[in-house]
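Got a predicted model here, sequence first, then my questions.
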Amino acid sequence: MSVKVISGGVTAAKGYKVASTRVGIKPKGTNRDVTLLVSEVPAVCVGTFTRNIVKAAPVMWDMNIAYNVKTAQAVIVNTGIANAATGEQGLLSCKTEAEKVGQVLGIPAETVLTASTGVIGPQIPVDKICGGVEELVSKLSDSEEEAHEAAKAIMTTDTQPKEIAVSFEIGGKTCTIGAMCKGSGMIHPNMGTMLGFMMSDVKIEHDIALKTLREVIDDTFNMVSVDGDTSTNDTVMFLANGLAENAEITGEGEDLDTFKEALMTVAKFLAINIAKDGEGATRLFTCHVTGAKDEQTARTLAKSVITSNLTKAAVFGMDANAGRIFCAMGYSGAEFDPANTDVILSSKNGSIKLIDQGTLPVFSEEEALSVLQPDEITAECILHEGDGEATAWGCDLTYDYVKINADYRS
């Protein structure tokens, strides 16, 4: 395999350092709530963002950098408050943060990305955040330990940090991508509240990086759903500072294929772990559609199954209710022949067919319960109509999901 998963997180690639601290954005708690990520040199910057019409201020700030400035050298992230629905003051806060980071690091403010996650509505305490910048700069480190602390610091309702690093070769040069993300609730396809940061030392042309990132995101993060709510803050940023000194990737070819494989490895790992860590979740629920007439049909069907609340509740209850899955396929809007469709549920405990050519076969409830007991369940939906294939990832719907979101602000 040309791509290797290696030890490390967001600082694994050459030239990146990170630090996090607590400034007290929320008075309760002891968690670190501000993180600063810095590249030694300016980096090619691309990103994908929420399609929610209500976009948080940092999303709008970062979109301008990713699409117009096209280079970045630092990212400042806060948890606790989302800086969404905050009007002109929200954008001014982003500008103030960026100017403070730029001043301390000696870099242009327009190369400083901002990101926020938390409660929608309140203004962020920009004075507190800016007051922590000098401490953050003094603590910057490329250590695995500090990268791990940063992955924890960006969490909100997540129960575990999400980080990965991979290495790959381009023209004899070893390149690396180190990444972290957060996301547990308000997660739904079209880019959940989800923040992702991928830092690489590969040398790649901006438009090629953007095109590749969009393709990878479409098959990974955009195939995840926890609760059907598309966040105001969804952001995935990819930076490439070129310090690996490979020949620049400028177009199609073996080098781009290798880079895309590496980026896909990173994004798929993070996306699956977001689904697995969904708010209150006890099971990762995967839907794999094959035999569809085209890929778009397969994507639509897979996403419909994993976003169905009735299906998610059945997975939680270990109820082999084939009607939930079949119904979700039927109202998805995708065209397929129900009478030529099979559905199989599988896990490490085995598999059981729940729909056979459009009808419910006789099966053992005891065997079905055994299949549904592990913490990773897959629905295989087989259409027998073509080569279209897609996978989507979700989780079960539990009592704890309601508890977590009933008092989220407190």
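Yes, it's here. On a predicted model such as this, the values are computed, not experimentally measured, just so you know.

what about the strands in the chain?
3-6, 16-21, 34-49, 71-81, 112-119, 162-170, 173-182, 195-200, 235-240, 284-292, 342-347, 350-355, 376-382, 388-395 (DSSP state E).

Could you dump those strands into TSV with mean pLDDT and distance to V224 added?
Using the backbone N, CA and C atoms, a C-beta is placed for each residue, glycine as well. Shown next, in TSV, are the strands of the chain (pLDDT from 0 to 100; distance: least, CB to CB, whole Å):
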stretch	mean pLDDT	distance to V224
strand 3-6	96	20
strand 16-21	98	25
strand 34-49	97	13
strand 71-81	96	20
strand 112-119	93	16
strand 162-170	97	12
strand 173-182	96	11
strand 195-200	96	11
strand 235-240	95	12
strand 284-292	96	10
strand 342-347	96	19
strand 350-355	94	23
strand 376-382	96	15
strand 388-395	94	5
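
Tabulate those (TSV), appending distance to K312 and mean neighbour count.
Putting the strands of the chain into TSV (distance: least, CB to CB, whole Å; neighbours: other CB atoms under 10 Å) gives the following:
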stretch	distance to K312	mean neighbour count
strand 3-6	30	15
strand 16-21	33	23
strand 34-49	25	23
strand 71-81	26	25
strand 112-119	23	27
strand 162-170	21	23
strand 173-182	21	25
strand 195-200	23	29
strand 235-240	24	28
strand 284-292	7	24
strand 342-347	14	19
strand 350-355	16	18
strand 376-382	11	20
strand 388-395	7	25
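
leaving aside the residues next to it on the chain, what's closest to I170?
Setting aside the residues directly before and after it, I170 is nearest to N246 in space (CB to CB, 6 or more residues apart in numbering), at 3.9 Å.

Could you tell me the model confidence score at the one you found?
The pLDDT attached to N246 in the predicted structure is 97.

need the contact list for the nearest residue to T30 once chain neighbours are set aside.
Distance criterion CB to CB, 6+ apart; nearest residue to T30, sequence neighbours excluded, is R22 at 6.9 Å. For R22, the set of contacting residues under the criterion of CB atoms under 8 Å, 6 or more residues apart in numbering consists of T30, N31, R32, D33, V34.

rewinding a little: how about the strands of the chain in a markdown table, adding distance to A313?
Rendered in a markdown table, the data for those read as follows (distance: least, CB to CB, whole Å):
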| stretch | distance to A313 |
| --- | --- |
| strand 3-6 | 34 |
| strand 16-21 | 37 |
| strand 34-49 | 31 |
| strand 71-81 | 30 |
| strand 112-119 | 27 |
| strand 162-170 | 25 |
| strand 173-182 | 26 |
| strand 195-200 | 28 |
| strand 235-240 | 30 |
| strand 284-292 | 11 |
| strand 342-347 | 15 |
| strand 350-355 | 16 |
| strand 376-382 | 13 |
| strand 388-395 | 11 |
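
Which one of the ones you listed lies nearest to I217?
Taking CB to CB, strand 34-49 is the member of the strands of the chain nearest to I217, at 4.8 Å.

Between strand 195-200 and the closest one, find me the angle.
Angular relation of strand 34-49 and strand 195-200 on a 0 to 180 degree scale: 90 degrees, by axes from the mean of the first three to the mean of the last three CA atoms, to 10 degrees.

Return the list of strands paired to strand 34-49, each annotated with direction.
Using DSSP bridges, the strands paired with strand 34-49 are strand 16-21 (antiparallel), strand 71-81 (antiparallel), strand 235-240 (antiparallel).

can you list those strands in CSV and add distance to L105?
Formatted as CSV, the entries for those read as follows, by distance: least, CB to CB, whole Å:
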stretch, distance to L105
strand 16-21, 11
strand 71-81, 6
strand 235-240, 15
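
how far away is the closest residue to G132 other than its chain neighbours from M237?
In space, and not counting its chain neighbours, G132 is closest to V23: 4.3 Å by CB to CB, 6+ apart. Using CB to CB, to the nearest Å, one gets 22 Å for the distance from V23 to M237.

who's in contact with K95?
Shown here is K95, whose contacts under the criterion CB under 8 Å, 6+ apart are W61, A109.

And for V77?
If a contact means CB under 8 Å, 6+ apart, then V77 has V34, T35, L36, L37, T114, A115, S116, T117, A153, I154, L195, F197 as its contacts.

can you redo those residues as JSON lines with distance to T341?
Formatted as JSON lines, those follow (distance: CB to CB, whole Å):
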{"residue": "V34", "distance to T341": "50"}
{"residue": "T35", "distance to T341": "46"}
{"residue": "L36", "distance to T341": "51"}
{"residue": "L37", "distance to T341": "46"}
{"residue": "T114", "distance to T341": "47"}
{"residue": "A115", "distance to T341": "42"}
{"residue": "S116", "distance to T341": "43"}
{"residue": "T117", "distance to T341": "39"}
{"residue": "A153", "distance to T341": "46"}
{"residue": "I154", "distance to T341": "41"}
{"residue": "L195", "distance to T341": "37"}
{"residue": "F197", "distance to T341": "40"}
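
Just the CA trace of stretch 138-147, in CSV.
C-alpha atoms of stretch 138-147 as CSV (Å, rounded to 0.1, in the frame of the first residue of the first chain):
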residue,chain,number,x,y,z
SER,A,138,4.8,30.6,23.6
LYS,A,139,3.6,27.0,24.0
LEU,A,140,3.6,26.1,20.3
SER,A,141,4.9,22.5,19.8
ASP,A,142,5.1,19.9,17.2
SER,A,143,4.9,17.1,19.7
GLU,A,144,2.4,14.2,19.5
GLU,A,145,1.3,15.0,23.0
GLU,A,146,0.4,18.6,22.2
ALA,A,147,-1.3,17.5,19.0
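
What are the buried residues along that stretch?
Using 16 or more other CB atoms under 10 Å as the test for burial, stretch 138-147 gives L140, D142, E144, E146, A147.
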